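Visitor: the sequence and its predicted three-dimensional model are supplied below.
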Amino acid sequence: MNKLEEKLRKYAKLLLDKCLVIENDGLYINISPDAYEFAYIIYDEALSRGIGDVVLDFRSENVKSSLLKYKSVDELYKSKYFDRSILDEYTRKNYAFLFLEDFEEVDNNYSEEIKNKELVLDQFSKKSCKYFRKLEGSMQISWCIACVATKSWAEKIFPSDVDAYYKLWDLIFDICYINDDDPAESWNKEISNNINLYNKLNNLKIKTLHYTNSLGTDFYVSISKNTKFMGSGEKLRGEKSMIVNLPSFEIFTSPIKTSASGIVYSSKPLVYNGKVIDKFYIKFENGKVVDYNAEDGYDTLDSIIKTDEGASYLGEVALVPYDSKISKTNICFYHTLYDENSSCHLALGDSFPDAIDGFDVDNEDDYEKYELNKSITHVDFMIGTKDLNISATTYDNKEIDIFKDGNFVI
């Protein structure tokens, strides 16, 4: 076994044994065809644990792009690519879900017809697996999103570098503690530190956060008394610990739906459905997006915000220090999972019901009762910078600095 395969197996073991809780002898793995090397390794590791059914589902943004170009909407409704009801099927069987992602850039210059088809079919895809999305959002099933290195992604980050693929894997291994003697124990320590930090934030009883930086961000958002900050190390139905995002260095919560006001400027590119959105701003009034623009990828940003009514409101505010493990690499990964864990960010769309104790996901009225947003989408975008300052007003009217020059000061 060469050194790369040895670390790939160590990575697979971390995902299977620490990040997931596999209770019912079934595992669904979503992965890109370009990641075939790791696909077979994690498949082998899963079977070696006696997991009875391991489903490998290879999916590609470029396949999706070709389907959109050459097939009608009626034909695409019948396509397994867009009909994701299979996720509901495996959810009912209590399978665990592992989504292994990479970067696939596709053409931004779609015709209007294709853009409209993509918007309709993206909504259809999300609605076709509503049961999965419901249990995923309320942590009633085990799931994890992680990344795998591919040659195309590596070439995006390290253009013209013959060792790009191996450099990207080395970064993933370092960031995810695979180079440590015991990666699971390293994550236990990371999670413990994370818990201490979000407990401090919860004890402050924060009402409003105010963000400012030199890009022009000047933004307010409020949090209800019932809502708590959370972080890595989520609990499956309140019992066994899992890591739903690997890596995860963020502290996050859901804001009051109608509270966001002001303007935020992106600090990193956002990649959505294989398309890059860069150098953009979003303006809010009474919680809702009222203005936005982007130097690159405007049409894609526009389609996100128009996904449904909830997509024009926020579902998440997340705090990540500028000197975090990923940020210190000084690399833009062109993948939200890594870039969001190097930068403070917000998310348009669906909120986190588990941020409120006692929230009943089966009761639609609870979203209004607890002032949380609901949407079929959830899209994170990065706003953290080296000079980001965040101040807080608490429910007992204290003024507290949370971030100074990009980092926590509490």
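Guide: Happy to help now that I have it. This one's a predicted model, so the numbers in the text were calculated from it and none came from an experiment. Residues are numbered from 1 along each chain as shown.
Visitor: show me the contacts for the residue minimising distance to the centre of the chain.
Guide: By C-alpha atoms, centre = their mean, the chain has its centre lying nearest to Leu337, at 5.2 Å. Neighbouring residues of Leu337 by C-beta atoms under 8 Å, 6 or more residues apart in numbering: Glu101, Ile145, Ala146, Cys147, Asn245, Pro247. Just so you know, the C-beta spots here come from the backbone N, C-alpha and C atoms, and that holds for glycine as well.
Visitor: list just the nearest of those to Asp174.
Guide: Taking C-beta to C-beta as the measure, Asp174 sits nearest to Pro247 out of the contacts of Leu337, at 10.1 Å.
Visitor: returning to what we had before: state the helix or strand in which the residue nearest to the centre of the chain lies.
Guide: According to DSSP states H and E, Leu337 maps onto helix 336-340.
Visitor: how about the helices in the stretch 1-150 of the chain?
Guide: Remark: helices of the stretch 1-150 of the chain, listed N- to C-terminal, are 3-14, 36-48, 61-70, 73-77, 85-92, 112-127, 130-137; assignment by DSSP state H, counting those that start in this stretch.
Visitor: just so I know, which of these lies nearest Leu215?
Guide: Each of these was scored for nearness to Leu215 using C-beta to C-beta, and the closest is helix 112-127 (28.3 Å).
Visitor: ok, and for the closest one, which residues are buried?
Guide: Counting neighbours by 16 or more other C-beta atoms under 10 Å, one finds that the buried residues in helix 112-127 are Lys115, Lys117, Glu118, Leu119, Leu121, Asp122, Gln123, Phe124, Ser125, Lys126.
Visitor: between helix 61-70 and it, find me the angle.
Guide: Counting by axes from the mean of the first three to the mean of the last three C-alpha atoms, to 10 degrees, helix 112-127 points 120 degrees away from the direction of helix 61-70.
Visitor: and helix 112-127, what does it pack against?
Guide: Helix 112-127 is packed against helix 61-70, helix 73-77, helix 298-305, with contacts defined by 3 or more C-beta pairs under 8 Å, 6 or more residues apart in numbering; DSSP states H and E.
Visitor: try 10 Å this time
Guide: Under the contact criterion of 3 or more C-beta pairs under 10 Å, 6 or more residues apart in numbering; DSSP states H and E, the helices and strands touching helix 112-127 comprise helix 61-70, helix 73-77, helix 85-92, helix 130-137, helix 298-305.
Visitor: wait, which of those is closest to Gly358?
Guide: Of those, nearest to Gly358 by C-beta to C-beta is helix 130-137, at 15.6 Å.
Visitor: other SSEs contacting the closest one?
Guide: Counting by 3+ C-beta pairs under 10 Å, 6+ apart, the packing neighbours recorded for helix 130-137 are helix 85-92, strand 96-101, helix 112-127, strand 143-147.
Visitor: ok, Ser351 touching Lys257?
Guide: Yes - using C-beta atoms under 10 Å, Ser351 is in contact with Lys257, at 7.6 Å.
Visitor: of those two, which one has the most company?
Guide: Taking neighbours as other C-beta atoms under 10 Å, Ser351 and Lys257 compare with Ser351 leading, 29 against 23.
Visitor: quick one on the thing from earlier: between the buried residues of helix 112-127, which is nearest Lys268?
Guide: Each of those was scored against Lys268 by C-beta to C-beta, and Asp122 proved nearest at 22.4 Å.
Visitor: state the pLDDT value of that closest one.
Guide: Asp122 is assigned 83 on the pLDDT scale.
Visitor: ok, what's across the strand from Gly26?
Guide: Each beta-bridge partner of Gly26 is listed here: Asp53, as defined by DSSP bridges.
Visitor: now it: how far from Ser111?
Guide: 41 Å (C-beta to C-beta, to the nearest Å).
Visitor: and what of Asn193?
Guide: For Asn193, the distance to Ser111 under the criterion C-beta to C-beta works out to 49 Å.
Visitor: list the buried residues in stretch 67-87.
Guide: So stretch 67-87, judged by 16+ other C-beta under 10 Å, has buried residues Leu67, Leu68, Lys71, Leu76, Phe82, Arg84, Leu87.
Visitor: give me the contact list for it.
Guide: Contacts of stretch 67-87 with the rest of the structure, by C-beta atoms under 10 Å, 6 or more residues apart in numbering, involve 28, 30, 55, 57, 59-60, 63-64, 95, 97, 106-107, 110-111, 113-118, 120-133, 135-136, 141, 143.
Visitor: buried residues, the helix ranked longest in the chain. List them.
Guide: For the chain, the helix reaching the highest residue count under DSSP state H is reported as helix 183-204. Within helix 183-204, the residues that qualify as buried by neighbour count (16+ other C-beta under 10 Å) are Pro183, Ser186, Trp187, Glu190, Ile191, Asn194, Leu197, Tyr198, Leu201, Leu204.
Visitor: pull the CA atoms of stretch 324-339 into CSV?
Guide: Coordinates of each C-alpha in stretch 324-339 appear next as CSV, following Å, rounded to 0.1, in the frame of the first residue of the first chain:
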residue,chain,number,x,y,z
SER,A,324,-8.9,29.4,11.1
LYS,A,325,-7.1,26.3,9.9
ILE,A,326,-8.4,26.7,6.3
SER,A,327,-8.0,30.4,6.1
LYS,A,328,-4.3,30.1,7.0
THR,A,329,-3.7,28.2,3.8
ASN,A,330,-4.5,31.5,2.0
ILE,A,331,-6.2,29.4,-0.8
CYS,A,332,-9.6,29.9,-2.3
PHE,A,333,-10.9,26.4,-2.8
TYR,A,334,-13.9,27.2,-5.0
HIS,A,335,-16.0,24.9,-2.9
THR,A,336,-18.4,26.2,-0.3
LEU,A,337,-17.7,23.5,2.2
TYR,A,338,-14.0,24.6,2.5
ASP,A,339,-14.5,28.3,1.8
